[in-house]
Every structure is written in C-alpha cells, then in structure tokens.
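Participant: take this sequence and fold it.
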Amino acid sequence: MQPKRVLSVDEIDLSVPEFWIRPEAEREGAFASLREERPLPFFEEMHFEFSPMPKGPGFYAVTKHADLVHVSKNADVFCSGKGTQIMDQPPMFDEFFGSMINMDDPRHGRFRRIVARGFTPRMIQRYERDVQRVASRIVDDVIEQGSCDFVVDIAARLPLWIICDMMGIPESQHQFVFDKTNVILGAGDPEYVDDPAQIVPKLLQAGAELSQLAQELGKTRRGNPGDDLTSLLVNAEIDGEQLDDNELGSFFVLLAVAGNETTRNAISHGMKALCDHPDQRARWAADFEGLAGTAVEEIVRWATPVIHFRRTATRDTELRGQKLHEGDKLVLFYNSANRDDEVFDDPHRFDVGRTPNEHVGFGGPGPHHCMGAHLARREITVMFRELFTRIPDLQVTGEPQRLASMFIHGIKHMSCEWTAGGA
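Facilitator: Take a look at the predicted model:
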C-alpha cells in the first residue's frame, strides 16, 4: 500500500478519533509526512465527555524508528509505571489493568521473573505441540463449508485457545474470554460498546470478570497444582514472594488481551496481505519452510497489531534536539517506526523474504519487549502452514471490517472463500 499524503503536517492530529477512521493509505501518508518534516510533534490530548479523568497535558509522538528504540532501551529515563496509554488511567482501573506493562523495576523485574516460569523452553515446547493440534482442529471445523469469517472462525480461535489451554481454562469458557477481550480493546467501536457513556463501566466490568475467572482458578491451584500456567504462577516464589490474587487476575487480563488480540490481528492482516500480493503468496507457498522465518517477521511488521504505547520522562532530558521535562509523555508509534525508510528498504512493499527486518512489532528492545513473541511466531507459522497445505485456494472476499481504534490495528470481520473440502 502506497501512502496518500492528503494532510499537511499542520493538519495532522493523532489525538482525535477522526484521524484513525481515515482510509489506511491516508494515515500512512500522514505518518510519512511526520517522519520527514516533524518527527517528534506535540499534540494536545482529547478530553472525552464520559472520561472520569481530566484532560491530560498532551504528548510527544515518537514516529522514527531510532527514537523509538532509544526510548524503549532507556527505561530508567522513560518509564512505564506512570501508564502506557495516552490518557492517564483512572485509579479504579489499576486493579484489572495494572499488570506488568505498567510497571517499572524493581517490581517489574520481580513480576517478570515469576511469569517467566511459564515461558521456559520446556513449557514453550509443550505449547508448540498444542498449537499444531489446535490449528488442525480449526481447519477441520471449517474446511467443508467453503466460506467463513476468517477472523472469527480461524484467526481468533488459535491464540484464544492456546492462551486458555495455557492457563487451564476449559473450552466452555473460550467464548466468554473472547467476548470480554473484544470489549476491552474495542470499547471505542460501536459493535462492542454502542453507548459512549457505557465505555468506562463496560471496560471495568470486562476486566473484573476476566480477573475473577483467573482468581477463582488460582484458588483451586494453590497447593493443588495442575499442569498449567496458573499452577506455575500461583505456586512460584521469587525472593520469598508469590503473586497475590489481584496480580494473577491482572496478569490474565494482560495475557488474554495481548496474546489473543495481537496474534489474531497479525494472522488476519497476514492473510489479507497474501491475497493482495499473490506473487508473495506464491513465493512462500513454493518454499514454505525456507521462507517461514522471514515471512512471519514481515507479517508482524506489516500488521503492527499494537499501534502505540506510552512512556513518561522521569527527569529532564532531550530527544532529537527537543528538550523534555520530567513528567512529559512520549507515545511510541510502532506503526510509524515499522515504515521508516531509514531502516526498511521500500517500507510500503510487502516482502516475505525481507531481510534484515528490525521491526518493532513486538515492542522495542528493553525490559518490556513482548515475552510471548516466540509463541506468537509459532502460532502464525503453524496456522499459515495448515492453511497453505489444506485450503490453498482461500481468498479474501470483500473489504475487511476494521476495528475503530487508535490503539489496536484490528480487523473485526473478513469474509473468505475456498473450494469446499480443501486440497
């Protein structure tokens, strides 16, 4: 997709919802203009009528890859503990949405060391076996139909299933988890919350219900562990400390939202890109294993499912010649960094063999790099192998329905067709 530059840099406002419902090519054009002409712009914050928080002080938008990497690496200067969303989070959100992405060391390090028990090589190997089993079943369930909603029936089911299996949550609860994560990340979309006055109550309710599900499971696993991540988390000790019930609940909200939504959207955007670029699809199909590594990285770069996270300056400093003061907000726009032509050759070209590919689709380097990146890569690889092998003529039909969000680069629905029965 080639960017369309219809806005001057003075007309661009990344803080308003109206910008984020513009056609994607126009948004790409706006970021291209910012990278070239005003790479660290300042924007006022919107104040939404039904927000419980006062209007914030505004933020600097980090649009260049090098700047985003610098901020990510220097967590002591640019912290996460003041919040990772543009707007300051109401205190009542902390119980459900205050997991480790909103922490700094030493608390972040302690929490991450406990959670890392669930991501050892042995556990990852087990999850990888589950990924193949689940991907096969997903295709089994749709192959005779000849058509489906690719997002709901294929892309969303794999990461959701794996996360629930990891935590020990039964299949009967999968739809419940799916619905609640849609509310949390799609609250600004009328499909999920149709009354703006209900956004905050619905967010809190969804977070509370997911947290409660995890906490109830955790209570049964304390001292009576099973073979799941919940058991590892509630029984692990680091420096004599364990996760308490609220920490377990907030971690599950993070895992369910981040691990489900991001991989779902990478797979969905990847399928759309492959259909839009049949030459790249044919190239990968001809050498699936040989190109799988680079193809998956390109899908993640292309999709960039999480658009931004925020950091806050902990002291007076400087970035790209701009003096920053303690408390200033910097919003890292991963989507823009992943199209920076100083890093990527022809960045608006989809190339399954792209190398090097120093994308930031899993976050920048530093303490907050995505812990589940390896598992996400495996899920994407296995899902596309299954699709290429069993329903190789799958085609997207019609335009995808995109999520109305300035935070998640999401696809809600995407119709597709293939020869019933498959290959």
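Participant: remind me which residues of the stretch 1-150 of the chain are low pLDDT?
Facilitator: 48-53, 91-92, 94-96, 98 (pLDDT under 70).
Participant: try it again with 90
Facilitator: For the stretch 1-150 of the chain, applying pLDDT under 90 flags the ranges 1-2, 17, 46-56, 87-103, 106-129.
Participant: which residues of it fall in strands?
Facilitator: Secondary structure of the stretch 1-150 of the chain by DSSP state E, counting those that start in this stretch: the strands cover 42-43, 59-62, 78-79, 147-149.
Participant: distance to Trp302 and mean neighbour count added to the ones you listed, as JSON lines?
Facilitator: In short, each C-beta sits where N, CA and C put it, glycine included. As requested, the strands of the stretch 1-150 of the chain are exported to JSON lines (distance: least, C-beta to C-beta, whole Å; neighbours: other C-beta atoms under 10 Å):
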{"stretch": "strand 42-43", "distance to Trp302": "26", "mean neighbour count": "15"}
{"stretch": "strand 59-62", "distance to Trp302": "20", "mean neighbour count": "24"}
{"stretch": "strand 78-79", "distance to Trp302": "27", "mean neighbour count": "23"}
{"stretch": "strand 147-149", "distance to Trp302": "21", "mean neighbour count": "16"}
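Participant: out of these, flag the one nearest Leu233.
Facilitator: strand 78-79 (24.8 Å; C-beta to C-beta).
Participant: and Tyr60, what does it touch?
Facilitator: 40-42, 319, 322, 324, 328-331 (C-beta atoms under 8 Å, 6 or more residues apart in numbering).
Participant: make it 6 Å
Facilitator: Going by C-beta atoms under 6 Å, 6 or more residues apart in numbering, Tyr60 touches 40, 42, 330.
Participant: the last one - that's part of a strand, no?
Facilitator: Okay, so that is Leu330. Yes - assessed with DSSP: H, G, I helix; E, B strand; the rest coil, Leu330 lies in a strand.
Participant: state the pLDDT value of it.
Facilitator: In this model, Leu330 is scored at 98, pLDDT.
Participant: tell me what it is bridged to.
Facilitator: Beta-bridge pairing for Leu330 (DSSP bridges): Tyr60, Arg311.
Participant: the stretch 151-300 of the chain: helices as residue ranges?
Facilitator: Ranges of helices within the stretch 151-300 of the chain are 157-167, 174-186, 199-221, 229-235, 245-254, 260-276, 278-286, 288-303, based on DSSP state H, counting those that start in this stretch.
Participant: okay, these in JSON lines with distance to Cys416 next?
Facilitator: Output for these, formatted as JSON lines (distance: least, C-beta to C-beta, whole Å):
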{"stretch": "helix 157-167", "distance to Cys416": "14"}
{"stretch": "helix 174-186", "distance to Cys416": "19"}
{"stretch": "helix 199-221", "distance to Cys416": "28"}
{"stretch": "helix 229-235", "distance to Cys416": "32"}
{"stretch": "helix 245-254", "distance to Cys416": "30"}
{"stretch": "helix 260-276", "distance to Cys416": "7"}
{"stretch": "helix 278-286", "distance to Cys416": "13"}
{"stretch": "helix 288-303", "distance to Cys416": "16"}
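Participant: any chance of TSV for those, columns mean neighbour count?
Facilitator: Below are the helices of the stretch 151-300 of the chain laid out as TSV (neighbours: other C-beta atoms under 10 Å):
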stretch	mean neighbour count
helix 157-167	24
helix 174-186	19
helix 199-221	19
helix 229-235	22
helix 245-254	22
helix 260-276	23
helix 278-286	15
helix 288-303	20
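Participant: out of those helices, flag the one nearest Val62.
Facilitator: Between Val62 and the helices of the stretch 151-300 of the chain, the shortest gap by C-beta to C-beta is with helix 288-303, which sits at 17.2 Å.
Participant: for the closest one, which outside residues touch it?
Facilitator: Against helix 288-303 from outside (C-beta under 6 Å, 6+ apart): 265-266, 269-270, 273, 284, 338, 350, 352-355, 357, 359, 361, 377, 380-381, 388.
Participant: before we move on, back to that, now render the strands of the stretch 1-150 of the chain as JSON lines, adding distance to Trp418.
Facilitator: What follows is the strands of the stretch 1-150 of the chain, written out as JSON lines (distance: least, C-beta to C-beta, whole Å):
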{"stretch": "strand 42-43", "distance to Trp418": "44"}
{"stretch": "strand 59-62", "distance to Trp418": "41"}
{"stretch": "strand 78-79", "distance to Trp418": "46"}
{"stretch": "strand 147-149", "distance to Trp418": "7"}
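Participant: and Arg27, which of these is closest to it?
Facilitator: Going by C-beta to C-beta, the one of the strands of the stretch 1-150 of the chain nearest Arg27 is strand 59-62, 12.9 Å.
Participant: now the closest one, how far from the chain's geometric center?
Facilitator: Counting by C-alpha atoms, centre = their mean, to the nearest Å, strand 59-62 is centred 20 Å from the centre of its parent chain.
Participant: please save the CA atoms from that strand in CSV.
Facilitator: Taking C-alpha atoms only, strand 59-62 is exported to CSV below (Å, rounded to 0.1, in the frame of the first residue of the first chain):
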residue,chain,number,x,y,z
PHE,A,59,2.1,14.2,24.4
TYR,A,60,5.1,14.0,22.0
ALA,A,61,4.6,11.5,19.2
VAL,A,62,7.7,9.3,18.6
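Participant: got the contact list for the nearest residue to Lys82 once chain neighbours are set aside?
Facilitator: Excluding the flanking residues, the one nearest Lys82 by C-beta to C-beta, 6 or more residues apart in numbering is Thr312, at 3.9 Å. Residues near Thr312 by C-beta under 6 Å, 6+ apart: 79, 82, 329.
Participant: mind putting those residues in JSON lines, distance to Leu217 included?
Facilitator: Formatted as JSON lines, those follow (distance: C-beta to C-beta, whole Å):
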{"residue": "Cys79", "distance to Leu217": "32"}
{"residue": "Lys82", "distance to Leu217": "31"}
{"residue": "Lys329", "distance to Leu217": "36"}
